[in-house]
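> dropping the sequence and predicted coords here.
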Amino acid sequence: MPLRLIDPADLEALSRAALTNPRRRQNLNLQADCADPCQRLFNAVGPENYIRPHRHTDPPKPECFVAMRGRFQLRLFDDGGKVTERFDLAPDGPVVAIDLPADVWQTILALDPGRLVFETKPGPYVAMVDQDFAPWAPAEGSPEVTAYLTRLRDARFAGA
C-alpha cells in the first residue's frame, strides 16, 4: 500500500461532507478495503448526529478513539441502559484518547460542529449484528431518536 498523507484541507473537506450527509457523519477510511486487519479512519460527526448505543462482541473488537477537533463525550452504559460513565474528550483534554474493550455499551455525543476523531479497531470490517445494538435505545432514524438524544444530553441523565 502506498504512503498516504492527510492534510488539514482533507479533514476540513471531511467535516463539510458530514454536514450534508443525511446521517450528519462522514468517515475517511485509511485502509485499502474492508478486509484489512486494522480498520483506521477519521470520523466527522455533528452535534445533531445520533449513534445508537452499541458494543462490539460479534466478533469481539476493542476500539480506540483519539480527539482531533472539537469536543465530544463518550457515554458508557450498563446492560439496562443506565449511563455508568461519561468521558469528555477534546484535543486539549481533559481526555485526549480512550481505548475501549469490546464488550462495553457505548455511544459518542458531539458537542461542537465539525467534531473529528481518529478511530481504530480490528478488522476486517463486519456490519454490526442486531445483538450489538442496545435493545433499550431507539434504532437510528426512528421517531423516538430526538427525545432519546435530548434525554441523553441532559445533565441529569449523564450518570456518574
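Alright, I've got the coordinates.
> on the three-state scheme, Glu85 is what?
Classification of Glu85 using DSSP: H, G, I helix; E, B strand; the rest coil returns strand.
> for it, give its distance to Arg153.
Distance from Glu85 to Arg153, counting by C-beta to C-beta, to the nearest Å: 16 Å. For glycine as for every other residue, the C-beta is placed from the backbone atoms N, C-alpha and C.
> what's the answer for Gly70, then?
15 Å.
> who has more neighbours out of these two?
More crowded of Gly70 and Arg153, by other C-beta atoms under 10 Å: Gly70, with 21 against 14.
> quick check, that one in contact with Leu109.
No. The pair Gly70 and Leu109 does not pass the contact test of C-beta atoms under 8 Å, sitting 11.4 Å apart.
> can you map out the strands along the chain?
25-29, 38-45, 63-69, 72-77, 83-89, 97-100, 105-110, 115-122 (DSSP state E).
> remind me which residues of the protein are low pLDDT?
1, 129-130, 155-160 (pLDDT under 70).
> ok, back up a step: okay, the strands of the chain in TSV with distance to Trp136 and mean neighbour count next?
Output for those, formatted as TSV (distance: least, C-beta to C-beta, whole Å; neighbours: other C-beta atoms under 10 Å):
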stretch	distance to Trp136	mean neighbour count
strand 25-29	22	18
strand 38-45	22	20
strand 63-69	21	19
strand 72-77	8	20
strand 83-89	12	16
strand 97-100	19	14
strand 105-110	9	21
strand 115-122	23	20
